[in-house]
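J.: I would like the atomic coordinates for the input below:
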Amino acid sequence: MNKIKYLLKMINEVNNIVVFTGAGASTESGLKDFRSSDGLYNIKLDYNRSPEYMLSRDCFYNETELFYDFYKKYMNCINADVNITHKYLKKLEDISKLKAIVTQNIDGLHTKAGNSNVYEIHGTIYKNHCIKCHKKYGAEYIFKSNGIPKCKCGGIIKPDVVLYGEMLPELEYSNSIKAISNCDMLLVLGSSLTVYPASSLINYFKGKYLVIINKDIDESDINADICYVKIDENNSKLTVNYNLIKDSMYSKGQHDLFTKFYIIYLLTKNKSLSQIIKSFLKLIINKKFSQFNEEKYLSY
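T.: This is a model prediction of the structure:
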């Protein structure tokens, strides 16, 4: 069966979908991802430090001016607009299929698209606070400020984003675990699943379909007892591969892996996520457009 048709079949079967998104979901909005060949972590920077350090707790507190020089230059996405992926996820919510979005992204685009149940496990650029008096500030105040943004009390303002060396927000993380534990289908979009502990959230999935759509993925980084089903380029063979991790929360005795988990690993090296989504939407509305019209679909 064609991969796109198989994906549609799965979505039609279930009514409790949770989507887990990474930076790849926002690249069509003009934002760089992190770990692809032309991502933020692989471009030449002028700071003589790693991007991980530039976005770390240590950098913020020890070299605050340097931190904000980098942050304002590379994390400013207030002018970014939603793309077809965000719009489609809003449509899934509108028809009561999508119950929650768990996102690693700090760009706020899922909220801008109108989704109501978004768990931002890495925080968001739109929330900031003074580390002295705790007064709250919006994103524009930060990105339009000169140098280090400061509060009227004189305190330094800190973005409410999760920096390297910090814990994930407890409420967002616990809500994400609950949503993923109870869903029938977990759809992972644009995430390499290499950032811990966010990537470990998929271990809580106990439903029917786990679908991963990304440019590539390192199976060894997925801490779960999962049956991988890879569909080859000719859509004619299924290759099954077990990835058994020692500390997995699931044991072979608890689950019949062949029937409990179905994972379509959609390799998109030559296709962007938006191209996959557009192909999918064309199939949904059963029309062949010479050029896909987003607005026509969204009002369909």
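J.: does K99 count as helix, strand or coil?
T.: Counting by DSSP: H, G, I helix; E, B strand; the rest coil, the backbone at K99 sits in strand.
J.: Verify the stated contact: it with M185.
T.: No: K99 is not in contact with M185 according to CB atoms under 8 Å; the separation is 10.0 Å. Where you see a C-beta, it was placed from the backbone N, CA and C, and this is true even at glycine.
J.: And those two? Which one has more around it.
T.: The neighbour count for K99 versus M185, taken as other CB atoms under 10 Å, is higher for M185 (24 against 18).
J.: Looking at the more buried one now. What's its pLDDT?
T.: Note on M185: pLDDT of 91.
J.: thinking again about what came up before, which neighbours do K99 and M185 share?
T.: Shared contacts of K99 and M185 (CB atoms under 8 Å, 6 or more residues apart in numbering): N16, I17, V18.
J.: Next up, the contacts around N105.
T.: Going by CB under 8 Å, 6+ apart, N105 touches T21, G22, A23, A25, S26, E120, H122.
J.: tell me the pLDDT at the fifth one?
T.: If I follow you right, that is S26. 92.
J.: thinking again about what came up before, scan the contacts of N105 and report the most crowded one.
T.: For the contacts of N105, counting by other CB under 10 Å, the largest number of neighbours falls to A25: 32 neighbours.
J.: for the residue nearest to that residue when sequence neighbours are not counted, phi and psi?
T.: Among residues not flanking A25 along the chain, G190 sits closest, at 3.9 Å (CB to CB, 6 or more residues apart in numbering). Main-chain dihedrals, G190, degrees, to the nearest 10: phi 70, psi 30.
J.: Show the average pLDDT along stretch 127-147.
T.: 97.
J.: Of all the residues in that stretch, which ones are buried?
T.: For stretch 127-147, the neighbour count (16 or more other CB atoms under 10 Å) marks K127, N128, H129, C130, Y137, A139, I142, F143 as buried.
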